[in-house]
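1. Sequence and predicted structure, then a few things I'm wondering about:
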Amino acid sequence: MKIGQLAERTGLSTKTIRYYENIGVLPDPDRAPNGYRSYQPDIADRIGFIQDAKSAGLSLVEIQMILELRDSGEATCSHVIDSLETQLTEVDHQMEELQRTRSRLTGIIGRARSLDPKDCSDPNRCQTIPRGE
């Protein structure tokens, strides 16, 4: 199949498919005599895996490593589990940071609602945002 057909089948743009080839996540395709890319149908399955792995939070570098292991015939389950656990730890960290930010914002808003705009005399800052926040 041609690149446009693959793009339509997978929902990716042709530019993204070329990018994936360029960084090595997708293998170089065969070429037709006219130089056009020619893809085997199973490449759509590989792209599906890439999309699924990205939606699980894995980076393209991690995905490439998994695919390279797979292409060499190695089992990838433990490597994928390690990557997913690392991603989960990062998500937990981000959630904690977001919760701290939410608490700070709630405090600032509560404080700001009690301020009188007439007391705002500093020409360089808004009194709503306290110093050191």
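-> Received the coordinates, thanks.
2. The nearest residue to Leu60 once chain neighbours are set aside is in what secondary structure piece?
-> For Leu60, the nearest residue in space outside its immediate sequence neighbours is Val25; the separation is 5.8 Å by C-beta to C-beta, 6 or more residues apart in numbering. For every residue, glycine as well, the C-beta is placed using N, CA and C. In the assignment (DSSP states H and E), Val25 maps to no helix and no strand.
3. Just the buried positions in the longest helix belonging to the chain, please.
-> The residue-count maximum for a helix in the chain (DSSP state H) belongs to helix 77-113. Buried residues in helix 77-113, counted by 16 or more other C-beta atoms under 10 Å: Val80, Ser83.
4. other SSEs contacting it?
-> Taking 3 or more C-beta pairs under 8 Å, 6 or more residues apart in numbering; DSSP states H and E as the contact definition, the neighbouring helices and strands of helix 77-113 are helix 60-71.
5. CA atoms only for the helix it packs on - export them in PDB, please.
-> Written as PDB, here are the backbone C-alpha positions of helix 60-71 (Å, rounded to 0.1, in the frame of the first residue of the first chain):
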ATOM      1  CA  LEU A  60       8.900   7.200  21.100                       C
ATOM      2  CA  VAL A  61      12.400   6.400  22.400                       C
ATOM      3  CA  GLU A  62      10.900   3.800  24.800                       C
ATOM      4  CA  ILE A  63       8.700   2.500  22.100                       C
ATOM      5  CA  GLN A  64      11.600   2.200  19.700                       C
ATOM      6  CA  MET A  65      13.600   0.200  22.300                       C
ATOM      7  CA  ILE A  66      10.600  -2.200  22.700                       C
ATOM      8  CA  LEU A  67      10.200  -2.700  19.000                       C
ATOM      9  CA  GLU A  68      13.900  -3.300  18.500                       C
ATOM     10  CA  LEU A  69      13.800  -6.000  21.200                       C
ATOM     11  CA  ARG A  70      10.800  -7.400  19.500                       C
ATOM     12  CA  ASP A  71      12.300  -7.300  16.100                       C
END
